[in-house]
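# Structure of the sequence below:
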Amino acid sequence: MTKLASVAMAGALVMAAAACGGGEGGGTEGGGDGAARVGLAYDIGGRGDRSFNDAAYRGLEQVAEELDLEVQDLAAEADETDADKVARLQLMAEEGYNPIIAVGFAYSGAVAQVAAEYPDVQFAIVDDEANDLPNLTNLVFAEEQASFLAGAAAALATEEDHIGFVGGVENPLIQKFEAGYVAGAQHINPDIQIDIAYITQPPDFTGFTDPARGQAAAQGQYDAGADVVYHAAGASGNGVIDAAVANEQLVIGVDSDQYLTADPEEQPYILTSAVKLVDTAVFEFVQGAVNGTAEGGTVRFDLANEGVGYSRSNTELIGEYEEQLDELQQQIIDGEIEVPTEP
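Next up, the predicted model:
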């Protein structure tokens, strides 16, 4: 039994393996001897957040199905340290996983250390570009651009000229969501009232994993008169959606198209989602790594390359605003609108 399998049996790791037929994986057959084995390590919250981590998992599923490769995903533990993250990535590298994807900015220090220790392994990190290593690809997104469209949608849909934003943890990444959202709403209505709330402050990152506190934060905004709330709060956003349903008010999802992951009773209240194609980023990185074309450095996904955007699934709500939102999207792409990245 390998070390990685031993740890998994002890309950420290959540594993998912797949070797599906029919794909093409850089000249090797998936699941066979010599085929690439792909590892993915989640940020806090793991699968089931219906947002960021689930988007990464969809990319991993696509790798298994279309590239016919063995894949394994590993979950983070609550209150873990950087040393725990380092150990997780080291285990994967020792077991022959290559490439390896670290999901979330919290892996920044860990992935830099382990990538330097294993120069023949190709690594990627989602949502961080602090490190410059030849075998580390930084997969980052223009969240502020998608959030600008979310803010514009909120300002168009509100009946009270009063909207809200709930962030999971107040750090520079989530502030990009806030900045874009506020700018988009004010572009439509400079006098709109916007309530801002963060669930926790660093170094407390439980703001991404506490739906009850997410619900409480959103409830406070609905009680104050907001009728549309946008969240960038990871799994805590599920509580924001709960509050929207309870109050029969609108909510805007994040990262994934949360209309598609919502329960039927939730869907009527999901105006749109500010999406970032983490699944596409994961798949394209693995495809490049297997084909030998992945490089170190930063790959940025934005409106121009369709790496971010807004969802259109709830046609009954968002349909009447699509023409205006598409015009704003093109203005951002053309550089006519510059979207701020800081509040």
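# and residue 230, what helix or strand is that in?
In this assignment (DSSP states H and E), residue 230 forms part of strand 228-232.
# Tell me which residues are up against the longest helix anywhere in the chain.
If you go by DSSP state H, the chain has its longest helix at helix 172-188. Here helix 172-188 makes contact (CB atoms under 8 Å, 6 or more residues apart in numbering) with 105, 127, 143-156, 163, 165, 167-168, 192, 194, 196, 198, 230, 232, 254, 274, 328, 337, 339-343. Quick note: C-beta positions are derived from backbone N, CA and C, even for glycine.
# Do a quick rundown of the helices in the stretch 1-150 of the chain.
Here the stretch 1-150 of the chain has its helices, by DSSP state H, counting those that start in this stretch, at 3-9, 52-66, 82-94, 108-117, 143-157.
# for the spatially closest residue to residue 265 that is not a sequence neighbour, what are its contacts?
Closest residue to residue 265 apart from its sequence neighbours, by CB to CB, 6 or more residues apart in numbering: residue 245 at 6.5 Å. Each residue near residue 245 by CB under 8 Å, 6+ apart is listed here: 265, 266, 269.
# for residue 210, same thing?
By CB under 8 Å, 6+ apart, the contact list for residue 210 reads 199, 235, 236, 239.
# From residue 161, how far off is the most centrally placed residue in the chain?
Nearest residue to the geometric centre of the chain (CA atoms, centre = their mean): residue 52, 3.0 Å. The spacing between residue 52 and residue 161, counted by CB to CB, to the nearest Å, is 30 Å.
# same check, this time on residue 234
With distances taken as CB to CB, residue 234 is found 29 Å from residue 161.
# Below-threshold pLDDT in this protein: ranges please.
Along the chain, the parts satisfying pLDDT under 70 run over 1-34.
# now the strands for it?
37-41, 70-74, 100-103, 123-126, 136-141, 162-169, 193-200, 228-232, 250-255, 270-276, 297-301, 308-310 (DSSP state E).
# re earlier: make a ChimeraX selection of whichever of the contacts of helix 172-188 turn out to be buried.
Buried residues among those (16 or more other CB atoms under 10 Å), as a ChimeraX selection:
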select :105,127,143,144,145,146,147,148,149,150,151,152,153,154,155,156,163,165,167,168,192,194,198,230,232,254,274,328,337,339,341
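# the domain parsing of this protein - what is it?
3-141+278-301, 143-275+312-333 (automatic domain parsing).
# Highest mean neighbour count out of those domains?
domain 143-275+312-333 (a mean of 22; mean count of other CB atoms under 10 Å).
# And that one, end to end?
Using CA to CA, to the nearest Å, the end-to-end distance of domain 143-275+312-333 comes to 14 Å.
# can you tell me which residues contact residue 128?
So residue 128 contacts 104, 105, 107, 108, 111, 138, 140 (CB under 8 Å, 6+ apart).
# go with 6 Å
Contacts for residue 128 (CB atoms under 6 Å, 6 or more residues apart in numbering) come out as 105, 108.
# ditto for residue 307
Counting by CB under 6 Å, 6+ apart, residue 307 has contacts 277, 301.
# still on that earlier bit, what's the closest of the strands of the chain to residue 64?
Residue 64 lies closest to strand 70-74 among these, at 4.9 Å (CB to CB).
# now that closest one, how far from the centre of its chain.
Computed by CA atoms, centre = their mean, to the nearest Å, the chain-centroid distance of strand 70-74 equals 18 Å.
# Strand 37-41 and that one, what's the angle between them?
Going by axes from the mean of the first three to the mean of the last three CA atoms, to 10 degrees, strand 70-74 is angled at 20 degrees with respect to strand 37-41.
# ok, and the closest non-adjacent residue to residue 252?
Using CB to CB, 6+ apart, the nearest residue to residue 252 is residue 230, at 4.0 Å.
# OK, contacts around that neighbour?
The contact partners of residue 230, by CB under 6 Å, 6+ apart, come to 150, 165, 181, 252.
# and the closest residue to the third one other than its chain neighbours, what does it touch?
Across the structure, with CB to CB, 6+ apart as the measure, the residue nearest residue 181 apart from its sequence neighbours is residue 151 (3.9 Å). Residues in contact with residue 151, defined by CB under 6 Å, 6+ apart, are 181, 184, 185.
# how does it look with 8 Å?
163, 180, 181, 182, 183, 184, 185, 186, 187, 188, 230.
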